[in-house]
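> Need the 3D shape of this:
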Amino acid sequence: MDLLLWRHAEAADGIPDHTRALTARGLKQAQRMAHWIEAHRPKALRVLASPSLRTRQTAAAFTDDFRVVAGLGPDGSVADLLAASGWPDASGATLIVGHQPALGRLAALLLSGTEADWTIKKGALWWFTNRVREGETQTVLRAVIPSELA
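This next block holds a predicted model:
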């Protein structure tokens, strides 16, 4: 399985949190990363997004074919992200467009075995895959792409 974690792009400050829109800079970040994803995407990519406006706008820069999942919202947990994605047993690939701190905590769990407060920059993408070697399941970090390098 491939699991891509994409933090929403830069958004305007404001209240309520769920209605914060991407800034002009954020729209450019999302578009650049969407082009990178399109050029490198795995086959059969399922896209899941938080219900917040900024994550839906980020996902929409890549595709209109995404599903909004309530558990991926700003208050979502690592368990919510794992449940939505089906990691590591689902087939194909899943792209989650979400928020800190859950995305960073999931990245830490996948690479170190323990949740920790790691930061994923706004607009950045972390791409994981898993494999079995000599009977052992391994997590592999395939790419970390900040939006300015996309």
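> distance of the residue of the chain most remote from its centre from His99?
Note on the chain: the largest C-alpha distance from the chain mean falls to Glu134, namely 29.4 Å (Cα atoms, centre = their mean). Counting by Cβ to Cβ, to the nearest Å, the gap between Glu134 and His99 amounts to 36 Å. In short, each C-beta sits where N, CA and C put it, glycine included.
> now do Phe66
In this structure, Phe66 and His99 are 15 Å apart, going by Cβ to Cβ.
> Those two: which is more packed in?
Set Phe66 next to His99 and count neighbours by other Cβ atoms under 10 Å: His99 wins out with 23 against 18.
> In contact with that one, which residues?
Residues in contact with His99 (Cβ atoms under 8 Å, 6 or more residues apart in numbering) are Arg7, His8, Ser50, Ser52, Thr55, Leu72, Gly73, Pro74, Gly76.
> is it true that the last one lies in a strand?
No - in this structure, Gly76 is coil, not part of a strand, as judged by DSSP: H, G, I helix; E, B strand; the rest coil.
> quick one: contacts for it?
By Cβ under 8 Å, 6+ apart, the residues touching Gly76 are Ser50, Gly98, His99, Ala102.
> Let me know how buried Leu109 is, in neighbour terms.
Based on other Cβ under 10 Å, the number of other residues close to Leu109 is 18.
> Check it and give its pLDDT.
Here the pLDDT value assigned to Leu109 is 98.
> what's the helix or strand for it?
Assessed by DSSP states H and E, Leu109 sits inside helix 102-112.
> and that helix, what other elements does it pack with?
strand 2-7, helix 78-85, strand 125-133, strand 136-145 (3 or more Cβ pairs under 8 Å, 6 or more residues apart in numbering; DSSP states H and E).
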